[in-house]
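Colleague: Would you be able to build a 3D model of this:
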Amino acid sequence: MKRVLDLVGSGIGLLLLLPIGLVISILIWKEDFHSPFYLQERVGRKGEKFKMYKFRSMRIRKDADLQLTVGKDPRITRIGAWIRKYKVDELPQLWNVFIGDMSLVGPRPEVERYVLLYNDEQRHVLDVRPGITDYASLQYFDENRLLGESSDPERTYIEEIMPAKLKINLAYIPKAGIVEDIKIIFLTLKRIVS
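Modeller: Have a look, this model is predicted:
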């Protein structure tokens, strides 16, 4: 049933948001004449890697995948700051949901270098399909700001934020279901609007 919700929700979302997506793509492209999309390898269900789609919010750099985005990162473009603020950069992940790499709701997929730091218990988040939103994303909606206030963002993420988010996700997994997922989707939309 969850997969049906994912297919229907992502399919409708892709159709309804296509005009907005086209406008955003043009605005991103006009800023520096590079692709409006950013693909990053993430670790999904059962540890399988996949390419996660996003609207590109930063200038193109070879080391982009190796850095956390912290505070008012100088790599963020003008349109990028806006799409990140309203989480619009995540919209292309509806395609990841449609093709089955992701779910609308589930633990956010992580890059491999952080997944390699998971302990045996934390690795259970890989038992389910990753999602666009989850309780941890709601709790750490302003994660970028928190990292910006840290004297050592990488350490803060690895030692504080990542374990806390994993704990929240591990608590969600046994409760996962249509009702719970619809509640998380509603809370996410409410948070973005507010």
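Colleague: hey, let's count contacts and neighbours off CA atoms from now on
Modeller: Will do.
Colleague: got the residue ranges for the helices in this structure?
Modeller: Taking DSSP state H, the helices of the chain run over residues 2-32, 78-85, 93-99, 112-115, 135-139, 143-148, 153-156, 162-172, 178-193.
Colleague: Tell me which of the ones you listed approaches R61 most closely.
Modeller: Judged by C-alpha to C-alpha, the one of the helices of the chain that comes nearest to R61 is helix 2-32, at 12.5 Å.
Colleague: Which secondary structure elements does the closest one sit against?
Modeller: Counting contacts by 3 or more C-alpha pairs under 8 Å, 6 or more residues apart in numbering; DSSP states H and E, helix 2-32 is packed against helix 78-85, helix 93-99, strand 103-105.
Colleague: Okay, buried residues for that helix please.
Modeller: Buried positions in helix 2-32, judged by neighbour count with 16 or more other C-alpha atoms under 10 Å: 6-7, 9-10, 13-14, 21, 24-25, 27-28.
Colleague: ok, now stretch 75-85?
Modeller: Judged by neighbour count (16+ other C-alpha under 10 Å), stretch 75-85 contains these buried residues: 75-77, 79-81, 83-84.
Colleague: Select, from these, the two members most distant in space.
Modeller: The span of the buried residues of stretch 75-85, defined through C-alpha to C-alpha, is set by R75 and I83 at 13.9 Å.
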